[in-house]
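**Q** Below is the structure, and that's it, no one-letter string:
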């Protein structure tokens, strides 16, 4: 089996689509189809069920999946060991929560880029749950996440300590005024959302509606318009010029503290680019 074919196989499996895999890999679609067919002939088994829209892994495809991930990972690691000489260079993919990317990372990323200009640094934002999945699926090299880390395959190091506050429309002065208000949250998998839901269950104060929004600015805009409340780091508001439109309500300490962790795969030898990024993050702790 060729590593190139396994990379193509993994991309098709991830997207469930030959056309999307071709787009990601910058191949023509017929080339991706031909390489998958070649791999199936080499293994003498079908790896995908062809459907009217996309493809789906067969039993044999599922069996190959973890082996393919390991082979591609080890190939990448071998290349890194041989070529990773001198200054950090190459591609580095980092996952992050949107709040961390917006508030904590800009100056750090700027410093990293100035210090290591030969590194192609890419940032992928999303909820903690999604970032951990990307890390386990070898889609990112490291990730900044919050909440409990229960994966034995990952190493977690403290990056930032956040104070979470209840953010409400301006004029709200106490929690008692918040009954039956809508909560505005990121999509499922967000650690701050999970913490908010735990607090609401503990307080016995469950709003009648939850609205999911895709960005910090969207959540803050809706709060300032009086639409609802949210649960975010205090640092998010402290950087804003329009603080008068918001009320910050402190919460009990067991709900107001959350650690942001930098996580990476335990079994993988980090590249120099990764090691430099990790050192810079951990220095902030």
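**A** Perfect, I can see it now. Just so it is clear, the model here is predicted, and its values are computed rather than measured.
**Q** Neighbours of the nearest residue to residue 146 once chain neighbours are set aside, how many?
**A** Distances taken as Cβ to Cβ, 6 or more residues apart in numbering put residue 191 closest to residue 146, at 3.7 Å, once the chain neighbours are dropped. Where C-beta positions appear, they are placed from N, C-alpha and C, glycine not excepted. When counting by other Cβ atoms under 10 Å, one arrives at 23 neighbours for residue 191.
**Q** Report the contact partners of residue 191.
**A** 97, 127, 128, 145, 146, 147, 258 (Cβ atoms under 8 Å, 6 or more residues apart in numbering).
**Q** Where does confidence bottom out across the residues you listed?
**A** pLDDT across the contacts of residue 191 is lowest for residue 147, at 82.
**Q** was I right about that residue contacting residue 258?
**A** Yes. Contact criterion Cβ atoms under 8 Å: residue 147 and residue 258 qualify, at 7.2 Å.
**Q** Phi first, then psi, for residue 161.
**A** Main-chain dihedrals, residue 161, degrees, to the nearest 10: phi -110, psi 120.
**Q** how close does it get to residue 248?
**A** Distance of residue 161 to residue 248, computed by Cβ to Cβ, to the nearest Å: 17 Å.
**Q** what's the offset of the helix or strand residue 280 falls within from the middle of its chain?
**A** Using DSSP states H and E, residue 280 sits within helix 272-282. On the basis of Cα atoms, centre = their mean, to the nearest Å, helix 272-282 sits 18 Å off its chain's mean C-alpha point.
**Q** rewinding a little: filter the contacts of residue 191 down to the ones in helices?
**A** Among these, the members falling in helices (DSSP state H) are residue 128.
**Q** Save the contacts of residue 191 as CSV, and put in neighbour count and distance to residue 264 too.
**A** Shown next, in CSV, are the contacts of residue 191 (neighbours: other Cβ atoms under 10 Å; distance: Cβ to Cβ, whole Å):
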residue, neighbour count, distance to residue 264
97, 27, 16
127, 24, 18
128, 28, 15
145, 29, 11
146, 25, 16
147, 19, 17
258, 19, 20
